[in-house]
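Asker: coords please:
(one chain, ligands or ions: 1)
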Amino acid sequence: MDDSPLQVLTVATAPYPDQRHGSGGLRRMVNVFQTRKHYLHNFIQSIFSSIDLRDRQGSTVMVGGDGRFFNQTAIRVIVQMAAANGVGRLVIGQHGIMSTPAISCMIRKCKAIGGIILTASHDPGGPNGGLGIKFNTANGGPASEAVANKIHQISRTIEEFAICPGLQVDLMTLGRQTFDLENKFKPFTVEIVDSVESYANLLRNIFDFAALKELLSGESHISVRLDAMHGAAGPYVRRILCGELGCPANSAVNCVPLEDFGGQRPDPNLTYAADLADSMRDGQFDFGAAFGGDGDRHMVLGKHGLYVSPSDSVAVIADNIFCIPYFQHTGVRGFARSMPTSAALDSFLETIFHFIRCRVAKATKIELYETPPGWNFFGSLMDAGKLSLCGEESFGAGGDHIRETDGLWAVLAWLSIMATRRQSVQDILKDHWLKYGRNYFTRYDYESIDIDTACEMMEDLEIIITDKSFVKQRFAVEDKLYQVEKADSFEYTDPVNSSLTRNQGLRIIFSDGSRIIYRLSGTRINGATVQIYIDSYEKERLSEDTQVMLAPLATIALKISKLHHRTGRSGPSLIT
Ligand code: G1P
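Answerer: Residues are numbered from 1 along each chain as shown. So this is what the prediction gives:
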């Protein structure tokens with residue numbers, strides 16, 4: 001065997017203009033990485049070059065992903081490039097698989113300078129699907145806008161990358177591998193780890209596992225159905241929910257990660273997790289949950305498949321926050337939601353504050369932050385001790401235990417509420433609406449739209465809604481009349497570092513508080529996805545059909561944007 005030090009090479013390359021690290025990292029079709037010369041290498045080098053050499057040398061970096069097609073190939077390249085870029089130690093999930101929340105947990109635990117996450121989250125997998133590369137920084141959360149911009153700038157002028165082409169890593173065997181590199185004093189090490197135990201340990205310190213075990217496997221236990229959608233959540237669901245908390249093994253399905261997620265999109269909503277909803281319809285399960293491809297997102301269903309909207313989910317968790325022992329210790333620092341997420345959290349906080357103020361003259365209001373989509377904005381608030389709990393309409397919720405949305409955490413949060421209140425999902429949700437009113441919410445996605453058409457539509461729409469004459473305009477549909485109160489292009493100033501983020505969606509807010517929001521998705525792999533979000537508050541009519549309730553606003557949204565006319569579409573590709 002040749003044990004001479006491995007060669008470090010510098011390879012010339014040419015830049016690509018489109019390597020922007022968006023809210024979900026860089027996402028492209030797999031074949032872009034396969035066919036464009038050094039497309040992967042350029043982006044990885046741009047990530048490493050964005051880190052100061054002094055911080056990078058000898059540092060620890062985490063690597064893992066959702067198990068999709070091409071991930072392992074990409075990880076082998078990342079290992080070769082990390083070694084050549086002075087990283088001292090890589091910690092990698094066995095088989096290259098690690099859920100996004102677990103990576104966030106491990107970055108913080110191992111004091112890594114960051115992590116590279118191979119996931120395109122909810123986008124399809126397999127050879128014809130997408131691939132995503134996301135860089136998370138030392139706080140465990142997605143790169144800030146400033147870091148993302150730096151990576152993009154570097155990628156636009158890159159001329160060379162460093163690599164150790166002879167370094168062959170074994171991703172299958174747990175344990176440490178060391179490699180000697182030429183011109184290096186210290187060996188480069190790779191640790192292949194099973195992250196489930198570290199992550200489970202984090203959850204054990206947040207929740208009351210004994211109470212959860214009683215709920216899930218005690219004498220009068222509830223019955224559950226858990227669907228990991230063939231993503232990275234599977235091993236965590238099996239070991240934590242089944243192995244430790246006692247859910248029967250057959251209650252967890254699709255727990256083996258597959259490169260194409262079994263041909264389904266790993267997006268936990270009623271369309272793509274339809275099997276879960278179907279299996280719950282006859283009432284044999286009290287609680288159901290589906291998890292996104294990288295384990296970050298979740299969908300909660302009650303008996304007979306009762307749907308809990310993600311916006312309601314975070315509001316209910318907020319109202320019951322002290323059912324989670326962790327928050328009994330930390331207290332509540334603040335709440336946050338992304339701008340397009342329904343205002344259910346606001347409705348709850350307004351009522352609660354009004355209620356407290358009636359009794360305590362100088363009651364301090366708990367701060368509610370409204371951020372652009374993307375967990376990096378929440379992470380900044382959490383790092384500054386301003387935020388405890390947050391959520392997004394895109395099936396994400398989490399606490400400040402890590403800096404990512406956390407599907408398993410959210411499911412354990414719901415189960416903790418059920419265990420404490422001894423109530424069903426349905427009763428918890430109905431009680432919530434009775435107390436605080438209900439925010440009906442829907443999102444229409446128009447996928448694979450020509451990028452120029454989508455951008456032109458958004459530009460024209462911005463001109464229309466920001467014209468002075470737009471405010472006070474009235475729109476009538478059937479017996480409903482809405483008057484525009486405010487309209488703008490949403491921008492956000494981070495209260496911690498004062499950085500300004502512009503163009504985060506076009507908002508129309510009506511005088512009754514109803515909202516229509518238009519936004520282009522930042523995470524799609526194919527063309528543009530135009531998203532319309534509709535949110536309307538109701539105090540009395542609590543059990544209506546969401547689509548019926550929001551139909552007048554949807555008509556108005558389409559009329560103002562002329563979306564169907566401009567795109568040639570007759571309806572959305574996906575409704576959530
Ligand atoms: C989507 C979600 C957003 C989430 C992001 C990263 O972004 O809508 O809430 O933070 O993925 O998972 P979008 O495609 O809408 O830009």
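
Asker: hmm, who's touching stretch 66-76?
Answerer: 30, 33-34, 40, 63, 65, 92, 95-97, 99-100, 118-121, 125-127, 129-131, 133, 168-169, 171, 231-232, 257-261, 266, 293-295 (Cβ atoms under 8 Å, 6 or more residues apart in numbering). The C-beta positions use only the backbone N, C-alpha and C, and glycine is treated the same way.

Asker: Can that stretch be said to contact the ligand?
Answerer: No - using Cβ under 6 Å from any ligand atom, no contact is recorded between stretch 66-76 and the ligand, whose separation bottoms out at 11.9 Å.

Asker: That stretch: end-to-end distance?
Answerer: Its start and end residues considered, stretch 66-76 measures 15 Å (Cα to Cα, to the nearest Å).

Asker: In contact with L181, which residues are there?
Answerer: With contact taken as Cβ under 8 Å, 6+ apart, L181 is in contact with 5-6, 8, 83-84, 164, 167, 187-188.

Asker: which parts of the helix or strand hosting V32 are buried?
Answerer: Under the criterion DSSP states H and E, the helix or strand holding V32 is helix 30-35. The neighbour-count check on helix 30-35 (16 or more other Cβ atoms under 10 Å) flags 30, 32-33 as buried.

Asker: my read: S279 touches R225, true?
Answerer: Yes - counting by Cβ atoms under 8 Å, S279 does reach R225; the two are 5.8 Å apart.

Asker: quick one: which of the two has more around it?
Answerer: Summary of the neighbour comparison: S279 and R225, criterion other Cβ atoms under 10 Å, with R225 having more neighbours (23 against 16).

Asker: Pairing partners for the helix or strand hosting the more buried one, with directions?
Answerer: Element membership for R225 (DSSP H and E) is strand 224-227. According to DSSP bridges, strand 224-227 has the following sheet partners: strand 252-253 (parallel), strand 287-291 (parallel).

Asker: could those strands be laid out in CSV, adding mean neighbour count and mean pLDDT?
Answerer: Rendered in CSV, the data for the strands paired with strand 224-227 read as follows (neighbours: other Cβ atoms under 10 Å; pLDDT from 0 to 100):
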stretch, mean neighbour count, mean pLDDT
strand 252-253, 20, 97
strand 287-291, 29, 98
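
Asker: Show residues contacting the strand holding R225.
Answerer: 216, 237, 241, 247, 251-254, 268, 273, 275-276, 279-280, 285-291, 411.

Asker: what's the next secondary structure element after it?
Answerer: Once strand 224-227 ends, the next helix or strand along the chain (criterion: DSSP H and E) is helix 234-236.

Asker: elements contacting that following helix?
Answerer: Applying 3 or more Cβ pairs under 8 Å, 6 or more residues apart in numbering; DSSP states H and E, one finds that helix 234-236 contacts helix 196-204.

Asker: that older thread, go back to the buried residues of helix 30-35 and keep what's next to the ligand.
Answerer: Contacts with the ligand within these, as defined by Cβ under 6 Å from any ligand atom: none are present.

Asker: export the strands paired with strand 224-227 to CSV and tack on distance to the ligand?
Answerer: Output for the strands paired with strand 224-227, formatted as CSV (distance: least, Cβ to the nearest ligand atom, whole Å):
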stretch, distance to the ligand
strand 252-253, 24
strand 287-291, 14
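
Asker: Out of those strands, which gets nearest to S155?
Answerer: Taking Cβ to Cβ, strand 287-291 is the member of the strands paired with strand 224-227 nearest to S155, at 31.7 Å.

Asker: Spell out which parts of the stretch 201-350 of the chain neighbour the ligand.
Answerer: By the rule Cβ under 6 Å from any ligand atom, the part of the stretch 201-350 of the chain lying against the ligand is S338.

Asker: what ranges do the helices span in the stretch 201-350 of the chain?
Answerer: Listed in chain order, the helices found in the stretch 201-350 of the chain under DSSP state H, counting those that start in this stretch are 209-217, 234-236, 274-280, 310-319, 325-330, 344-359.

Asker: Could you work out which of the ones you listed reaches nearest to K430?
Answerer: Closest to K430 of the helices of the stretch 201-350 of the chain, according to Cβ to Cβ: helix 310-319, at 10.8 Å.

Asker: For that closest one, give the mean pLDDT please.
Answerer: Averaged across helix 310-319, pLDDT comes to 96.

Asker: export the helix holding V32 as PDB, just CAs?
Answerer: Coordinates of the C-alpha atoms in helix 30-35 are reproduced here as PDB (Å, rounded to 0.1, in the frame of the first residue of the first chain):
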ATOM      1  CA  VAL A  30     -28.900  17.000 -10.800                       C
ATOM      2  CA  ASN A  31     -27.800  17.100 -14.400                       C
ATOM      3  CA  VAL A  32     -26.500  20.600 -14.000                       C
ATOM      4  CA  PHE A  33     -24.000  19.300 -11.500                       C
ATOM      5  CA  GLN A  34     -23.300  16.300 -13.600                       C
ATOM      6  CA  THR A  35     -22.800  18.000 -17.000                       C
END
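
Asker: Can you pull up the residues of this structure that come close to the ligand?
Answerer: Proximity of the chain to the ligand (Cβ under 6 Å from any ligand atom) is limited to residues 23-24, 121, 338, 373-375, 392, 394, 521-523.

Asker: Strands along the stretch 351-500 of the chain, start to end?
Answerer: For the stretch 351-500 of the chain, the strands defined by DSSP state E, counting those that start in this stretch cover 368-371, 389-392, 396-399, 438-449, 474-477, 480-489, 492-493, 500-501.

Asker: what's the closest of these to S416?
Answerer: Taking Cβ to Cβ as the criterion, strand 396-399 is the member of those that comes nearest to S416, at 11.8 Å.
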